[in-house]
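Chemist: No sequence on hand, only this structure:
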């Protein structure tokens, strides 16, 4: 039912964390995957793991905050795979920490560049390609439950992720008639390298806040990636899909 053997996906930041989890799910369903990442060692480790699962995978060096690097990575992806059907704009980061009123304009703009403009830049050549092919496609972004809950001390992260949700809705309208679906994945607390660098208190609070009493595993994110990349999500667009163990519905 979820055979992706004819599907080529880009996963930015796909050499670790959530992005690598998405890629695992895709290759397990025979999908072809182009990993865009900045770290050569992580790129090498990711391609070794994914090929051990039988995946048709390639990695390309790319910093998604650079328009030039995005353009180059996209051209190399097309040269390697011939087409792109799906793009997971997953790369991003926490941005600045601290009180927003004491944060410099430069740090605010750097967070916007990292979490919002990188998505715009990544999707631009993919959208042109999909429109030219007239075959539809999928644009998917990793947002966060912080986009709807807010996070004290990380206003830049919450703000840019909320902006991404708005971008998803706008582009879903712009591109819907071209059969291009645009959606966001909103993870809760998932065990990634970045999340596990948070304090013990924060992790304990995440467990208490979760209706399931659990925090997410990376394997919990594989299935949603497969569904969103597949034709079975063709009637879903402009949506923010929450995968959080009930974090957003349960009081502290």
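Modeler: Received, thanks. Small disclaimer: the values here were computed from a predicted structure and weren't measured.
Chemist: okay, CA-based contacts and neighbour counts for the rest of this
Modeler: Will do.
Chemist: Would you map the strands across the chain?
Modeler: 8-12, 32-37, 56-61, 86-89, 137-142, 180-187, 240-243 (DSSP state E).
Chemist: average pLDDT for the third one?
Modeler: The average pLDDT within strand 56-61 is 98.
Chemist: Give the pairing partners of that strand; include direction for each.
Modeler: Paired neighbours of strand 56-61 in the sheet (DSSP bridges): strand 32-37 (parallel).
Chemist: all helices in the stretch 101-250 of the chain, in order from the N-terminus.
Modeler: 105-112, 118-133, 146-149, 155-175, 200-209, 222-229 (DSSP state H, counting those that start in this stretch).
Chemist: who wins for proximity to residue 61 among the ones you listed?
Modeler: Shortest distance between residue 61 and the helices of the stretch 101-250 of the chain, using Cα to Cα, is found for helix 118-133: 13.5 Å.
Chemist: Other residues contacting that closest one?
Modeler: Applying Cα atoms under 8 Å, 6 or more residues apart in numbering, the contact partners of helix 118-133 are 64-67, 70-71, 74, 84-85, 87, 89, 91-92, 136-137, 139, 141, 164, 178, 180.
Chemist: Pull out the buried members of these.
Modeler: 64-67, 70-71, 74, 84-85, 87, 89, 91-92, 136-137, 139, 141, 164, 180 (16 or more other Cα atoms under 10 Å).
Chemist: Which of the residues in the helix-or-strand element of the chain with minimal mean pLDDT are classified as buried?
Modeler: Across the helices and strands of the chain, mean confidence by mean pLDDT, DSSP states H and E is lowest for helix 200-209: a mean of 72. Residues of helix 200-209 classed as buried by neighbour count (16+ other Cα under 10 Å): 203, 206-209.
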